[in-house]
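Enquirer: Structure for this input, please:
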Amino acid sequence: MSLIAGVFLLAIPAADARDEGSPAPCDAAGEIAFLPSPWAPWKDAPLRVMLVTEKPLAGELSLTGPDGSVAATSRERHGGPPYFWFAEVKRPAAGAWHATLTPEQAGAGCGPITREIKVRPDKPAGPGSSATTTWPLRDTWNRATEDLFSAWIEKLFDDPLDAEPSWPALHEVVRDPSRNFLFNHLGLNEDAKIFLRPDCADLPYTLRAYFAYKMGLPYGFSKCSRGGGGKAPSCPQWFSLHNAEEARPPPPLPAMPPIPPAASGYFGFSSAPAPLAPPAPPAPKRTGPAPSFAELLQIVWDSVHSGSGRTALADNNTDYYPVPLSADTLRPGTVYADPYGHMLMIVRRVAQTQDAAGIILAVDGQPDGTVARKRFWRGNFLFAQAPALGGPGFKRFRPVVIANGAMRRLNNGEIAKNPQYADFSLDQSQLGIEDFYDRMDDVMSPSPLDPTRAMKEAITSLEEQVKVRVTSVENGRKFQNSKRGEATMPDGPAIFETSGAWEDFSTPSRDLRLLIAIDVVLGFPDRIARRPERYAMPKDKSVAEVKAELQKVLASELVTRKFSYPRSDGSMWTLTLREAVDRASDLEMAYNPNDCIERRWGAPAKSDEASTCKRYAPAAQREKMSKYRAWFHERRRPPRA
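Expert: Have a look, this model is predicted:
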């Protein structure tokens, strides 16, 4: 079977993924998915190949040219699960190429897996267009396409573990061909025309839409409420590629013409000589597909928000559904909805080793357009249970299918029974806060952890969070220097979720998370003492002795770890992590972008650090901040009215 134009994916049981007469591949591979890029390979475009397996398999991926020579190989297996390999040839010759995965455990029942790829001598036309959908449909959502989505996500945000990657905008990520396996996949130079600046709620929808656009898959999105009055958000309207235009807000009514000034006449004063015409009726509702990918994204961004992810876990009319907490389900592409409105997407899982705890890495978007990678831990992934907060936790996108020519989403029962998914679960709804974090510890690191190493991991996570805040606060300094005026501060809970300059440059949500993170790190020795069975405790020491040693290590680590931030005049000022932790009280009032940068880092008044501060938030705003300070001091976000 060949991978040629129009065929984007092969997903076959391992027992069938072989050429006739060759040994069967390893049964451990499970399903195999092959994907070549671009969608119609040709000789003057780089040929990229992705191979994905559901289960672990050691081996080498090779690309063999028409002349029989091996042009590229890769032994590096990524992910888990799914597991995947990449190989690339910059300028492939026209003709028949072969992608082969050769397992290490060769022998009976374990042979090479080979597929043919036709490379054209001439540049093909694009995949065409559709009158009924935003892009033409060429494939369906199933386990294989979901695995490819996971593999694509992981490669897109791949960086060393000790890196702290951050990007000013998502389009900078997808325009990088070394990251984006689907770069110019359609052969239309389409990525040069894409500008992506999603916030946290928009980011998962944007990545899912991008992948669906490139692969020709169905796609849809909901318009949801934000919840309130003790109830979770709900999603009464759903739109697909067939009718996305219906979700576009209607154009504003034309402004009434101004009334002319009164004029003196023979019979007294009169206004306009003729009555004003009535306003034009509103434009008819537009229906049908969005004209382009970019226009669809704008409609999606105008429609979705953090409430879209906080829907009740048992609700069927949602874009996401909850999954069990397991190493198999928490794979790249899974989203996390926290109870207070933030959204993240898993981009990598790193298994536990003898020397290190297991890690889950995720990315999130911010109102200013930045995208950053973060570790799972309590400071970044908040969890709470309350009906008014909706359904927090880990969720996956609900599959969109086509039935009788129309798109629809699978409901919870269908997902639970579908062998391609079968991962719907309400388990998270039964977990308390400590139960949730304990369960996640067990998922990431099934074996007992060294207590000192575990605490240092938590300190590293806090350090990363502080450094991410440096970027956020620096964006506020740049806003001040832009002379665009003062950011208007909203009232009440709206300080956490609004629009405009306040949404883009204030940091109340991020600071609340940072305060919680500080509490987690300071309380880590107590946490280990509370759950000693979870850790590889030294046999010759008591729990109390281990706790005392951890407190010494904590004090030392906080003093030795440092970070720097630009002050108001651009000069750098360095703080230790200990100083940042000691300023937790000041950070309860440090989220206002109208304050100088020094105040936002809690610099003591009249200190050398604060000497460059020249700007202060208005007194009325500081008064409101004092009123709202209890939310930060008590580490709670107020519910919407």
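Enquirer: Next, the buried residues of stretch 627-641.
Expert: By 16 or more other CB atoms under 10 Å, the buried positions in stretch 627-641 come out as 628, 631-632, 637, 640. (C-beta placed from N, C-alpha, C; glycine too.)
Enquirer: Please disregard the earlier target; I meant stretch 340-358.
Expert: 340-349, 356-358.
Enquirer: Now compare those residues and name the two farthest from each other.
Expert: Taking CB to CB as the measure, those span a maximum distance of 31.8 Å, between Gly341 and Ala356.
Enquirer: and Ser482, what pLDDT?
Expert: Note on Ser482: pLDDT of 88.
Enquirer: typed the wrong thing, it's Pro249
Expert: 82.
Enquirer: could you say which helix or strand contains the closest residue to it other than its chain neighbours?
Expert: The spatially closest residue to Pro249, leaving aside those adjacent along the chain, is Asp302, at 6.3 Å (CB to CB, 6 or more residues apart in numbering). Using DSSP states H and E, Asp302 sits within helix 293-303.
Enquirer: Can you dump the C-alpha atoms of that helix in CSV for me?
Expert: Coordinates of each C-alpha in helix 293-303 appear next as CSV, following Å, rounded to 0.1, in the frame of the first residue of the first chain:
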residue,chain,number,x,y,z
PHE,A,293,-8.9,29.2,8.4
ALA,A,294,-7.9,32.6,9.7
GLU,A,295,-11.6,33.8,9.7
LEU,A,296,-12.7,30.6,11.4
LEU,A,297,-10.1,31.2,14.2
GLN,A,298,-11.3,34.7,14.8
ILE,A,299,-14.9,33.4,15.2
VAL,A,300,-13.6,30.7,17.6
TRP,A,301,-11.6,33.3,19.7
ASP,A,302,-14.7,35.5,19.9
SER,A,303,-16.8,32.6,21.0
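Enquirer: I'd like to know which elements it is packed against.
Expert: helix 202-215, strand 220-223 (3 or more CB pairs under 8 Å, 6 or more residues apart in numbering; DSSP states H and E).
Enquirer: thinking again about what came up before, looking at it, the residue nearest to Pro249 is touching Pro250, isn't it?
Expert: No - taking contacts as CB atoms under 8 Å, Asp302 lies outside contact range of Pro250: 11.8 Å.
Enquirer: gap between the two ends of stretch 119-136?
Expert: 22 Å (CA to CA, to the nearest Å).
Enquirer: what's in contact with it?
Expert: With contact meaning CB atoms under 8 Å, 6 or more residues apart in numbering, stretch 119-136 is reached by 5, 39-45, 47, 66, 92-97, 137-138, 186-188, 212-213, 216, 219, 241-242, 244, 288-293, 296.
Enquirer: mind redoing it with 6 Å?
Expert: For stretch 119-136, the external contacting residues (CB atoms under 6 Å, 6 or more residues apart in numbering) are 40-43, 92, 94, 97, 186, 188, 213, 216, 241, 289-290, 296.
Enquirer: Among the residues you listed, name the ones in helices.
Expert: 213, 296 (DSSP state H).
Enquirer: of the contacts of stretch 119-136, buried ones?
Expert: For the contacts of stretch 119-136, buried by 16+ other CB under 10 Å: 40-42, 92, 94, 97, 186, 213, 216, 241, 289-290, 296.
Enquirer: Quick one: the strands in the stretch 451-600 of the chain, in order.
Expert: 562-566, 572-576 (DSSP state E, counting those that start in this stretch).
Enquirer: Could you tell me the average pLDDT over the last one, please?
Expert: Along strand 572-576, the predicted local confidence has a mean pLDDT of 98.
Enquirer: Report the inter-axis angle for that strand versus strand 562-566.
Expert: 150 degrees (axes from the mean of the first three to the mean of the last three CA atoms, to 10 degrees).
Enquirer: and stretch 493-507, how far apart are its ends?
Expert: 13 Å.
Enquirer: what does it contact?
Expert: 341, 367-368, 472, 475-476, 479, 487, 490, 508-509, 591, 593, 638, 640.
Enquirer: in that stretch, what's buried?
Expert: 493, 495-498, 501-507.
Enquirer: For Glu434, see how far away Val543 is.
Expert: According to CB to CB, to the nearest Å, Val543 and Glu434 sit 18 Å apart.
Enquirer: Any stretches of the stretch 501-641 of the chain with poor pLDDT?
Expert: Counting by pLDDT under 70, the stretch 501-641 of the chain contains low-confidence ranges at 640-641.
Enquirer: Tell me where it has helices.
Expert: With helices called from DSSP state H, counting those that start in this stretch, the stretch 501-641 of the chain shows them at 508-522, 524-530, 543-560, 577-582, 584-587, 597-600, 619-633.
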